[in-house]
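Chemist: Let me see the structure of the following:
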Amino acid sequence: MKDKSGKEITRKEFMERWKQGMKEISPLQQTKISLMGSWLVIAGVIAGIVTSFIIGAWWLLAILLGSLLVTGVSLLGLWQKYSALKKIDEQIKQLGGLDEQQSTSTSYDTSGSDRVSDGLHSIS
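Modeler: Take a look at the predicted model:
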């Protein structure tokens with residue numbers, strides 16, 4: 001395997017880089033990826049509906065119509081989540097931004113105290 005610069009990397013090094021990249025993905029990026037996947041599923045279901053209509057498989061058509069409804073509702077929820085996360089991200093940028101650790105994760109103090117930090121506030 002080769003990395004972006006063309007340097008040969010081992011399978012173990014590739015997996016370590018992949019794991020690190022997966023840890024750093026933001027909720028906004030996750031939601032955007034899910035949205036793109038949902039559009040693909042809807043395209044497949046519509047293709048199945050057309051095909052089942054042409055071949056006359058009415059039972060399959062009924063199942064696919066139900067699937068289209070469920071997937072459409074799911075897409076609507078993902079779109080709302082994406083819009084909300086995008087607005088939050090824009091507001092954070094307008095406020096001067098937070099460092100990456102504060103804006104994407106919750107950290108817990110393991111020093112033995114009962115304090116918990118969500119990146120913005122400390123809770124006792």
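Chemist: Model confidence score at the nearest residue in space to L85 that is not next to it in sequence, please.
Modeler: In space, and not counting its chain neighbours, L85 is closest to L28: 4.5 Å by C-beta to C-beta, 6 or more residues apart in numbering. For the C-beta atoms, the positions are set from N, CA and C on the backbone; glycine is no exception. With respect to pLDDT, L28 has a value of 89.
Chemist: and L28, how far is that from E13?
Modeler: Distance, L28 to E13, by C-beta to C-beta, to the nearest Å: 28 Å.
Chemist: more neighbours, these two?
Modeler: Of the pair L28 and E13, L28 is the one with more neighbours under other C-beta atoms under 10 Å, namely 16 against 13.
Chemist: ok, the more buried one - contacts?
Modeler: Contact analysis of L28 by C-beta atoms under 8 Å, 6 or more residues apart in numbering lists Y82, L85, K86, D89.
Chemist: which secondary structure elements does the helix or strand hosting V70 contact?
Modeler: Using DSSP states H and E, V70 falls within helix 58-94. Judged by 3 or more C-beta pairs under 8 Å, 6 or more residues apart in numbering; DSSP states H and E, the packing partners of helix 58-94 are helix 27-55.
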